[in-house]
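Undergrad: Below are the sequence and a predicted model; questions follow.
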Amino acid sequence: MRTPIIAGNWKMYKDINEALELTNSIKRDAYNVDNVGIVICPPATDLSDVGEMLMESNIDLGAQNCYWENEGAFTGEVSVPMIKSTGCKYVIIGHSERRKYFGETDETVNKKIKAAIDGGLIPIMCVGETLGQREAGKTIEVVKGQVTEGLKGFDENFLKDLVIAYEPVWAIGTGKTATPDQAQEVHAMIRTLLEKLFSKTFAEEKRVLYGGSVKPDNINVLMEEKDIDGGLIGGASLKSDSFTDIIKTTSELYRVKQEKN
Ligand code: PGA
């Protein structure tokens, strides 16, 4: 069975003091959860100190972006080895806000995934359609393209730890969650595609998270879907009580699922 992951994407929120306070609360509130992967992704300026605070905890650290060169004259960018040295295990790649505001494309996503894995980080690769694309009936085509192009040129062994997050752009920060059926349809398609591109085992083992207005009161219906393996949480990850509620519900549902199997 795939162990679920709940990852918090703090985006451009929390200065260092706020970050340490939130990290401390999440550590305290989630210390006894042992069957869900917990990841927090603070802004780059917080990584080092938060990383220190998370040592010997059940929470992993992630960055929100990386550059694909290890070093050089790339003002403002942060490389994989730099991120790794703060204690990060994960890095979010190709978030829709990066694609929309910072010109990221499937090609840059592909380069960043290569750099991340080469440098020992686990990418959380984000894909998802805009409202216009959904309304034009292009959801499947768009997401298929993003997954295929983002993972082009890699073999399944190279991608063994990769995590995928399906985040419909129209559901991010809008309060509009995809219905469990809408999400499941795309998750199932991603898994079928992974089987075609790689293998059945690879597809069965791959964690595919859902993201877009996940809250304590909708995580349960989403997690009940067969192909949803956790969540990438934005707004609700900025407060310990809502984030740890989501973690605890996921943990409980996973325990029940395990008992049934
Ligand atoms: P949201 O953000 O939960 O605030 O919709 C999700 C994300 O952007 O990863």
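TA: Cool, got the structure.

Undergrad: distance between stretch 138-152 and the chain's centre?
TA: Mean-position distance between stretch 138-152 and its chain equals 17 Å (C-alpha atoms, centre = their mean, to the nearest Å).

Undergrad: Over to stretch 166-180?
TA: 14 Å.

Undergrad: what does the protein have sitting close to the ligand?
TA: Residues of the chain lying close to the ligand by C-beta under 6 Å from any ligand atom are 9, 167, 172-173, 211-214, 232-236. Glycine gets a C-beta too; all of them are placed from N, C-alpha and C.

Undergrad: Serialize those to a markdown table and add fields for secondary structure and neighbour count.
TA: A markdown table is the format used below for the residues of the chain next to the ligand (DSSP: H, G, I helix; E, B strand; the rest coil; neighbours: other C-beta atoms under 10 Å):
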| residue | secondary structure | neighbour count |
| --- | --- | --- |
| N9 | strand | 26 |
| E167 | coil | 27 |
| I172 | coil | 22 |
| G173 | coil | 13 |
| G211 | strand | 27 |
| G212 | coil | 26 |
| S213 | coil | 20 |
| V214 | coil | 28 |
| L232 | strand | 28 |
| I233 | strand | 29 |
| G234 | coil | 22 |
| G235 | helix | 20 |
| A236 | helix | 20 |
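
Undergrad: May I ask which two of the residues you listed are separated the most?
TA: Farthest-apart pair in those is E167 and A236; separation 13.8 Å (C-beta to C-beta).

Undergrad: Please identify which residue in this protein comes closest to the ligand.
TA: The ligand sits closest to G234 of the chain, with a gap of 2.2 Å, by C-beta to the nearest ligand atom.

Undergrad: got the contact list for that residue?
TA: By C-beta atoms under 8 Å, 6 or more residues apart in numbering, the contact set of G234 is 9, 11, 172-173, 211.
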